[in-house]
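Colleague: Pasting the sequence and the predicted coordinates here, then a few questions.
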Amino acid sequence: MRREPFGMSAGPSRLSDAERASDGGSRYRLRDLFTPLDTLLVSGGDPRLMLDAGNRANAYRCAASPEPDIWNFASSTASTISQAAYDRAALAREELVHKCLFDEVELAFDARCEDMREELRSQFQLPPRVDVVFSPSGTDSQLHALFVARAVLGAPPVTIVVGSDQTGSGTIHTARGHHFSCMTASGLAVRKDGPVAGLAGASIALPLREAGDGIAMRADVDAAVLRAVEATIAQGAPVLLQIMDASKLDWRAPSAACLDEIARRWPRKVQIVVDACQARLGRRRLRSYLDRGYLVLITGSKFFGGPAFCGALLVPKGFSRLLDRVEAIAPGFFDYAGRCDWPLAWTALRSRFERRANFGQWLRWEAALAEIASYHAVPVVFRTKVLTELAAGIDSMIALSPSLRLVPSGCGQVDADDEEFAQRTIFPFLLLRDGKPVSIAETAAVHQALARDMSEEIGGSTADREVAAQRCLIGQPVRLERQDEAPLSLLRLCIGARLVTEAWSPDTAQAQRNVQHILDRVAHVLVKIELLVGRGAAAPVQVKSAFEV
């Protein structure tokens, strides 16, 4: 069934380039802004945003409005929206409505999006020459990157995905220019994994995990990347190389030396795009990627804790001129972008896309920017200190748990560009019973049970019931295939920006108490996991279908 998104006309869009350029029927409707804020915040996205009729939460168990009673340690997947972020979205809508009383809706909305681009550049300390292309999710941004790479390289590239086993499940589709869901954010029903008309191509998957039954990063990842690039170019095709920073398990690859070698051997034949959707990288490293001419995928909904989903493609200097000269646009790509997604300076390219406002995408980014600004307002010395202390505390607590086994970090040698992210912020672990991993189904059940009040199911002492009653979110399961044994499933406890923001105080003693309060909550979550695993209260249940961006 087709869903009608806000600010859009009914029926699939199939206009020609000429029709789009002369299209006078604007899809900007002021009345849509008067839709309830909760409804707007989950509009303009794919089915992953839809709320369950029973619990009014999406597939990641996140509601559209603040739920302060839920503890959030799930920033590798999705977080509940904070009150501050929700308030900013509400204010942004109010301000836009006011502007629309004095100007056309389209002009007012374009100006607001342009202000948001400037704010995002300011928060990441990026120069004005960096352009920002907004999208409904990081998965959508991967299709945007493919579109841009085709224009830059002058031919359809082969996409090589580094970390194919630790990126969003949609990447297997977007890397080939295929639909990653049954419905686009523009509301068009499509066939999942069917080709996006005019954008489809080939891809190569390079997993990060070492072959075998262990859980460690492969030692030959640089060599594997070089071999794949060399073989592809030898066949006459350019390459879109998607590198990883950081993966679902907080791994980064390939090395800087490998990327330097690629630039030396194959100039102008390889376009690199960085999967930084987790946003677990310092501003210095982000600028370095863009200075080298890399495209960068980022979201405001992972580390920073903005509402799912809000994606962006960061585009370095010089690309806009190439894109403005694009003669033909893949017809299927029009269903994945509207005019307001592109920077105002890209006048020729913008004119070929429909006038349609994605108010949900915009408001989710407004909310995310509230979190980003709050995080960067905290002194960098304190950010580094808190991330270091939380990492050490979580490491030691998981190590002491008889039912949890921490997965070793996959990161190699750190450098100055890592800044406060010199230590890990995602802590993947196996659930054990009698020293052996529990099943994938039970791991999924534990993940779901953590988000529920389980006091009645757990029973036991008053203390146990209090622990079991607390609702909390952690990173959703990551499935790991093994050669000769059953697959494994990992859960993830994550440090996000909001924890740092909540811990900050100019009073040193108070700040330390705040950090200890967070660690106490972590301990509480781990005890609840122990109860669920030890008492078998998390019997396998039906698991909703969902995947990460």
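Modeller: Sure, I can see it. Just so it is clear, the structure is predicted and the values come from calculations on it, not from any experiment.

Colleague: tell me the SS of the residue nearest to Leu344 when sequence neighbours are not counted?
Modeller: In space, and not counting its chain neighbours, Leu344 is closest to Glu114: 5.3 Å by Cβ to Cβ, 6 or more residues apart in numbering. Using the backbone N, CA and C atoms, a C-beta is placed for each residue, glycine as well. At Glu114 the chain is in helix, as set by DSSP: H, G, I helix; E, B strand; the rest coil.

Colleague: do Ser164 as well
Modeller: coil.

Colleague: Just give the closest residue to it, not the sequence neighbours.
Modeller: Leaving aside its chain neighbours, Ser164 sits nearest to Ala205 (3.6 Å; criterion: Cβ to Cβ, 6+ apart).

Colleague: residues in contact with that neighbour?
Modeller: Counting by Cβ atoms under 8 Å, 6 or more residues apart in numbering, Ala205 touches Val161, Ser164, Asp165, Ile172, Ala175.

Colleague: can you give me the helices in the stretch 251-400 of the chain?
Modeller: Using DSSP state H, counting those that start in this stretch, the helices of the stretch 251-400 of the chain run over 256-265, 283-291, 319-324, 347-350, 359-377, 380-400.

Colleague: Same question for the stretch 101-250 of the chain.
Modeller: Under DSSP H, counting those that start in this stretch, the stretch 101-250 of the chain gives helices at 105-123, 138-153, 171-174, 221-234.

Colleague: Excluding chain neighbours, what is closest to His179?
Modeller: Nearest to His179 is Val190, by Cβ to Cβ, 6+ apart, at 4.4 Å.

Colleague: How confident was the prediction at the one you found?
Modeller: Looking at Val190, its pLDDT stands at 96.

Colleague: Go through stretch 104-116 and flag the buried ones.
Modeller: Judged by neighbour count using 16 or more other Cβ atoms under 10 Å, the buried positions of stretch 104-116 are Val105, Glu106, Ala108, Phe109, Asp110, Arg112, Cys113, Met116.

Colleague: what does stretch 466-480 give?
Modeller: Residues Val467, Ala468, Gln470, Arg471, Cys472, Leu473, Ile474, Gly475, Gln476, Pro477, Val478, Leu480 are the ones in stretch 466-480 that count as buried (16+ other Cβ under 10 Å).

Colleague: In contact with the second one, which residues are there?
Modeller: In other words, Ala468. Contacts of Ala468 by Cβ under 8 Å, 6+ apart are Asp453, Met454, Ser455, Glu457, Ile458, Gly460, Lys528, Leu531, Leu532, Ala537.

Colleague: of these, buried ones?
Modeller: Buried by 16+ other Cβ under 10 Å: Met454, Ser455, Glu457, Ile458, Lys528, Leu531, Leu532, Ala537, out of the contacts of Ala468.

Colleague: For the fifth one, which residues are in contact?
Modeller: Meaning Lys528. Applying Cβ under 8 Å, 6+ apart, we find Lys528 in contact with Leu450, Met454, Val467, Ala468, Gln470, Cys472.

Colleague: how much space between the third one and Ala197?
Modeller: Computed with Cβ to Cβ, to the nearest Å, the distance linking Val467 and Ala197 is 53 Å.

Colleague: ditto for the last one
Modeller: For Cys472, the distance to Ala197 equals 43 Å [Cβ to Cβ].

Colleague: So the residue nearest to Leu344 sits against Asp341, correct?
Modeller: No. Using Cβ atoms under 8 Å, Glu114 is not in contact with Asp341; the gap is 11.8 Å.

Colleague: which residues in the chain form strands?
Modeller: Under the criterion DSSP state E, the chain contains strands at 71-73, 131-135, 158-162, 203-206, 239-245, 252-253, 270-276, 295-299, 311-315, 404-406, 426-433, 436-437, 472-480, 488-494.

Colleague: Quick check: which of the ones you listed is nearest to Leu96?
Modeller: Comparing these against Leu96 with Cβ to Cβ, the closest turns out to be strand 131-135 (15.2 Å).

Colleague: what about the closest one, average pLDDT?
Modeller: Strand 131-135 shows an average pLDDT of 98 in the prediction.

Colleague: in this protein, what secondary structure element scores lowest on mean pLDDT?
Modeller: Every helix and strand in the chain was compared by mean pLDDT, DSSP states H and E; the lowest is helix 17-21, with a mean of 42.

Colleague: who does Gly475 bridge with?
Modeller: Bridge pairing for Gly475 (DSSP bridges) gives the partners Arg492.

Colleague: Quick one: residues contacting it.
Modeller: By Cβ under 8 Å, 6+ apart, the neighbours of Gly475 are Phe73, Ala74, Ser75, Ser76, Thr77, Lys248, Ile426, Pro428, Leu491, Arg492, Leu493, Cys494.

Colleague: How many residues are close by Glu442?
Modeller: 21 (other Cβ atoms under 10 Å).

Colleague: That one contacts Leu430, correct?
Modeller: No. Using Cβ under 8 Å, Glu442 is not in contact with Leu430, being 11.6 Å away.

Colleague: Could you dump the strands of the chain into JSON lines with distance to Leu96 added?
Modeller: Putting those into JSON lines (distance: least, Cβ to Cβ, whole Å) gives the following:
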{"stretch": "strand 71-73", "distance to Leu96": "28"}
{"stretch": "strand 131-135", "distance to Leu96": "15"}
{"stretch": "strand 158-162", "distance to Leu96": "37"}
{"stretch": "strand 203-206", "distance to Leu96": "39"}
{"stretch": "strand 239-245", "distance to Leu96": "34"}
{"stretch": "strand 252-253", "distance to Leu96": "38"}
{"stretch": "strand 270-276", "distance to Leu96": "29"}
{"stretch": "strand 295-299", "distance to Leu96": "22"}
{"stretch": "strand 311-315", "distance to Leu96": "19"}
{"stretch": "strand 404-406", "distance to Leu96": "46"}
{"stretch": "strand 426-433", "distance to Leu96": "35"}
{"stretch": "strand 436-437", "distance to Leu96": "50"}
{"stretch": "strand 472-480", "distance to Leu96": "30"}
{"stretch": "strand 488-494", "distance to Leu96": "33"}
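
Colleague: which stretch among the ones you listed comes nearest Asn58?
Modeller: Closest of those to Asn58 is strand 472-480, at 11.7 Å (criterion: Cβ to Cβ).

Colleague: mean confidence for the closest one?
Modeller: Averaging pLDDT along strand 472-480 gives 95.

Colleague: pull the CA atoms of it into CSV?
Modeller: What follows is strand 472-480, C-alpha atoms only, in CSV (Å, rounded to 0.1, in the frame of the first residue of the first chain):
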residue,chain,number,x,y,z
CYS,A,472,16.7,0.7,28.5
LEU,A,473,17.9,0.7,24.9
ILE,A,474,21.2,-0.8,23.7
GLY,A,475,22.5,-1.4,20.2
GLN,A,476,20.5,-4.0,18.3
PRO,A,477,22.0,-7.4,17.5
VAL,A,478,24.8,-7.8,14.9
ARG,A,479,24.8,-11.2,13.2
LEU,A,480,28.2,-12.8,12.5
